[in-house]
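Peer 1: Quick check, what structure comes out for this input:
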Amino acid sequence: MAFRILCLDGGGIRGIMPARILQKVEERLGGPLKDHFDLIAGTSTGSILAVGIGLGKSPEEMLNLYLEKGLQIFPYQSLFSLKRLPIIFKYGLSAPKFSHEGLMGVLQEQFGENKFSDITSDPNKLMGSLKILVPSYDTISRNPVIFKSWDHDRWYSKVPLWEICLSSASAPTYFPAHRIKYDGRVYSLIDGGVCANNPVACAVAEAIKLLRQYLDQSTGDSIEQIKVISIGTGDPASPIPWEKVRGWGLVQWGLRIADVFMDAPPDIHRYVAEQIIGGMDTDREKRYLRLQLPLKDPLLAIDDARQANLERILEATDAYINQGKVRKQLETLLANW
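Peer 2: Below you'll find the predicted structure:
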């Protein structure tokens, strides 16, 4: 008996990549994708995919969300666009690039007033009742907030899923922080990517805890039951040379630091998860797979929703998943899923 985990990175419009890959996974496994996982963890754009799948949407539907609604979320490219004037008037010249209105509208349209209980109907059931995990970060307490669909007693169990996703996807410099007021307390929530853009370590830790709790197993026995598919939104292949970065100050770093924070943590979380699951054990390929395609300009932007870029992302993703090595790795893992 395996405990099956799907992990989905953050990455803005590049969420097209995992959505496309998940189409292939669903084709291979057959039936609704949600029926093939016990835990789905998603950060930022990954949270949108995770919640959508949890509510029974297909990868094709989620892919179409990006293709059809991308410009509603990211309506322009230039910081000097006239469309940006309302948010500048509201927050000043240092305002985030975008307002929440477009993203919020898309999330409300997709998820309505559904809550975690609409996904995890029986929180006391280990398997057969899908669980969702979504990281965010509270700027007031200066701590991560890990939303878990099976914790029906927590304050966020009453929060609509669109707000959970908005909290996880409010990337610094791109969107304002999202405020949630509940039971006299205020939360100021920003993108979960600042702490866990790749949520795989969080997911594996929770899986071990759940297996020990429900099956009264040792940690070692629990680890042996875990299987993971972890899908990224592209690995930036754009170095920042020392000659260039050595003299950077607040202005230069301010324009790039959000992207650096989003790009660096996934590798740390991947390393931790891989060591927990089995280091270099020969059977690890049957229990863990990381899918991450290399990125080159102009695919680096997480907010370029123009048609030409969407097509480039799809083309690059298709080329990646059609590589013989990638197909073999995916088949090896899914053969006994």
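Peer 1: hey, where'd the helices end up in this protein?
Peer 2: Remark: helices assigned in the chain by DSSP state H are 16-29, 45-54, 59-73, 85-91, 101-111, 161-169, 193-196, 200-215, 219-225, 242-245, 250-263, 265-277, 307-321, 324-334.
Peer 1: tell me the mean pLDDT for the last one?
Peer 2: If I follow you right, that is helix 324-334. For helix 324-334, mean pLDDT rounds to 95.
Peer 1: sorry, back to before: for the helices of the chain, state which one has the densest average packing.
Peer 2: helix 45-54 (a mean of 29; mean count of other CB atoms under 10 Å). Using the backbone N, CA and C atoms, a C-beta is placed for each residue, glycine as well.
Peer 1: residues contacting the residue nearest to Gly11 when sequence neighbours are not counted?
Peer 2: The spatially closest residue to Gly11, leaving aside those adjacent along the chain, is Thr233, at 2.6 Å (CB to CB, 6 or more residues apart in numbering). Neighbour list for Thr233: 9-12, 14-15, 17-18, 45-46, 302 [criterion: CB atoms under 8 Å, 6 or more residues apart in numbering].
Peer 1: Greatest separation within those residues: which pair is it?
Peer 2: Pro18 and Ile302 (13.3 Å; CB to CB).
Peer 1: Okay, the closest residue to Gly42 other than its chain neighbours and Lys34: tell me how far apart.
Peer 2: Using CB to CB, 6+ apart and skipping the chain neighbours, the partner closest in space to Gly42 is Ala50 (3.1 Å). Per CB to CB, to the nearest Å, Ala50 is found 10 Å from Lys34.
Peer 1: Would you mind giving the helices of the chain as TSV with distance to Val145 added?
Peer 2: Formatted as TSV, the helices of the chain follow (distance: least, CB to CB, whole Å):
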stretch	distance to Val145
helix 16-29	22
helix 45-54	12
helix 59-73	22
helix 85-91	23
helix 101-111	17
helix 161-169	7
helix 193-196	9
helix 200-215	11
helix 219-225	25
helix 242-245	31
helix 250-263	17
helix 265-277	16
helix 307-321	29
helix 324-334	31
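Peer 1: Would you single out the least confident of those?
Peer 2: The bottom spot among the helices of the chain, by mean pLDDT, belongs to helix 250-263, with a mean of 68.
Peer 1: quick one: contacts for Tyr156?
Peer 2: 116, 145, 147, 164, 180, 182.
Peer 1: again, only this time at 6 Å
Peer 2: Phe147 (CB atoms under 6 Å, 6 or more residues apart in numbering).
Peer 1: next one: Lys209
Peer 2: So Lys209 contacts nothing (CB under 6 Å, 6+ apart).
Peer 1: Distance check, it against Ala201.
Peer 2: 13 Å.
Peer 1: ok, now Glu61?
Peer 2: On the measure of CB to CB, Glu61 and Ala201 end up 29 Å apart.
Peer 1: same deal with Tyr320?
Peer 2: 24 Å.
Peer 1: Show me the one of the helices of the chain that comes nearest Pro123.
Peer 2: helix 200-215 (10.5 Å).
Peer 1: any idea of the angle that closest one forms with helix 265-277?
Peer 2: 30 degrees (axes from the mean of the first three to the mean of the last three CA atoms, to 10 degrees).
Peer 1: then helix 200-215 to CSV, C-alphas only?
Peer 2: Provided in CSV are the C-alpha atoms of helix 200-215 (Å, rounded to 0.1, in the frame of the first residue of the first chain):
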residue,chain,number,x,y,z
VAL,A,200,7.8,18.6,-1.5
ALA,A,201,9.6,18.6,1.9
CYS,A,202,6.4,19.8,3.6
ALA,A,203,4.4,17.1,1.9
VAL,A,204,6.8,14.3,2.7
ALA,A,205,7.0,15.4,6.4
GLU,A,206,3.2,15.5,6.6
ALA,A,207,2.9,12.1,4.9
ILE,A,208,5.3,10.5,7.5
LYS,A,209,3.4,12.1,10.3
LEU,A,210,0.0,10.9,8.9
LEU,A,211,1.3,7.3,8.3
ARG,A,212,2.7,7.1,11.8
GLN,A,213,-0.5,8.5,13.3
TYR,A,214,-3.0,6.3,11.4
LEU,A,215,-1.0,3.1,11.0
